[in-house]
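Asker: Need the 3D shape of this:
(one chain, ligands or ions: 1)
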Amino acid sequence: MEAGCRNKNKSGILLSIYDILLDKFGTMNWWPARSDFEVIIGAILTQNTAWTNVEKAINNLDAHGLLSFEALYEIDLNLLKGYIKPSGYYNQKARKIKEFINFAKREYNFSLELMKKEDVPTMRGKLLKIFGIGEETADSILLYALKKPVFVIDAYTRRILERHGIIKGASKEKYENLQRLFTANIVPSEANIKIYNEYHALIVTAGKMFCKRTPLCDNCPLKELELE
Ligand code: SF4
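Answerer: Residues are numbered from 1 along each chain as shown. Predicted coordinates for the structure are as follows:
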């Protein structure tokens, strides 16, 4: 996806961001998980916490043989809270996991394959009705676990768009509007799932390393793009 780095056109800038970050970091091959099921649990646990804390919680679940629909369905809620405590907000997150597991049993008899067969609007609508699953979590599940062409918007995406003046007020812009910005330029299709996968992972990597609350622009690969 080659495009001029100083192209004022939004489409050109979005393609440039992808090219620059891919060139700098290489392919990310997300999500960091051993199974699609683990992706879903990780997507819930990662809300409002650092990934290192999620890893501790996931490792606890794994060590106790709990990384399956059936095991998480059977486990006592209070025990689950204890195992996922390192991820923070463990009372709420335990309930969110239970709600998702109950949904998966009720609607899909614990079959991820059946979930993957649903179309995006149907599955997204169902996920968003589950307690504690918002747009970013739902879209992370759709993209990284169910392999659907859905672009994920997170706080780093908003920050980078805002700081580079691509969308004014991006931090408060509606999720769907930001998502549409990307999907208008990289259309949702089977062929673009890999790009959606990599693009979000690259943005998160750039955000964590450079586009922090206080940006480290001097060393950031995106410094060649214009800043507002
Ligand atoms: S750190 Fe600076 S150059 Fe890098 S993405 Fe953020 S605002 Fe842009």
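Asker: ok, now how distant is the most centrally placed residue in the chain from residue 88?
Answerer: Among the residues of the chain, the one closest to the centroid is residue 140, at 3.8 Å (Cα atoms, centre = their mean). Counting by Cβ to Cβ, to the nearest Å, the separation of residue 140 from residue 88 is 18 Å. (Glycine included, C-beta is placed from N, CA and C.)
Asker: Does the residue nearest to the centre of the chain touch residue 151 like I think?
Answerer: No - in this structure, residue 140 is not within contact of residue 151 by Cβ atoms under 8 Å, at 10.7 Å.
Asker: who's in contact with the residue nearest to the centre of the chain?
Answerer: By Cβ atoms under 8 Å, 6 or more residues apart in numbering, the contact set of residue 140 is 31, 39, 43, 152.
Asker: and the helix or strand it falls within, what's its mean pLDDT?
Answerer: When secondary structure is defined by DSSP states H and E, residue 140 falls within helix 135-140. Average pLDDT, helix 135-140: 98.
Asker: which residue sits closest to residue 175, ignoring its sequence neighbours?
Answerer: Nearest in space to residue 175, with sequence neighbours left out and distances taken as Cβ to Cβ, 6 or more residues apart in numbering, is residue 135 at 4.6 Å.
Asker: Please parse the chain into its domains.
Answerer: Following automatic domain parsing, one gets these domains for the chain: 10-29+168-224, 36-145.
Asker: centre of the chain versus the longest one, how much separation?
Answerer: On the basis of Cα atoms, centre = their mean, to the nearest Å, the separation between the geometric centre of domain 36-145 and that of its chain is 13 Å.
Asker: Just the endpoints, please. Distance across it?
Answerer: This stretch, domain 36-145, spans 5 Å end to end (Cα to Cα, to the nearest Å).
Asker: again, but for the first one
Answerer: Counting by Cα to Cα, the length from the leading to the trailing residue of domain 10-29+168-224 is 15 Å.
Asker: quick one: what helix or strand has residue 24 in it?
Answerer: Going by DSSP H and E, residue 24 is in helix 10-25.
Asker: Of all the domains of the chain, which one comes closest to the ligand?
Answerer: domain 10-29+168-224 (3.0 Å; Cβ to the nearest ligand atom).
Asker: Show the average pLDDT along that closest one.
Answerer: Mean predicted confidence for domain 10-29+168-224 is 94.
Asker: same thing with stretch 106-118?
Answerer: On average, stretch 106-118 scores 98.
Asker: Can I get the domains of the chain in CSV including distance to residue 157?
Answerer: Shown next, in CSV, are the domains of the chain (distance: least, Cβ to Cβ, whole Å):
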stretch, distance to residue 157
domain 10-29+168-224, 5
domain 36-145, 9
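Asker: Can you give me the neighbour number for the closest residue to residue 132 other than its chain neighbours?
Answerer: Nearest non-adjacent residue to residue 132, counting by Cβ to Cβ, 6+ apart: residue 96, 3.3 Å away. Using other Cβ atoms under 10 Å, residue 96 has 21 other residues around it.
Asker: So which elements touch the helix or strand where residue 96 lies?
Answerer: Secondary structure from DSSP H and E places residue 96 in helix 90-108. Counting contacts by 3 or more Cβ pairs under 8 Å, 6 or more residues apart in numbering; DSSP states H and E, helix 90-108 packs against helix 36-45, helix 69-74, helix 77-83, helix 112-117.
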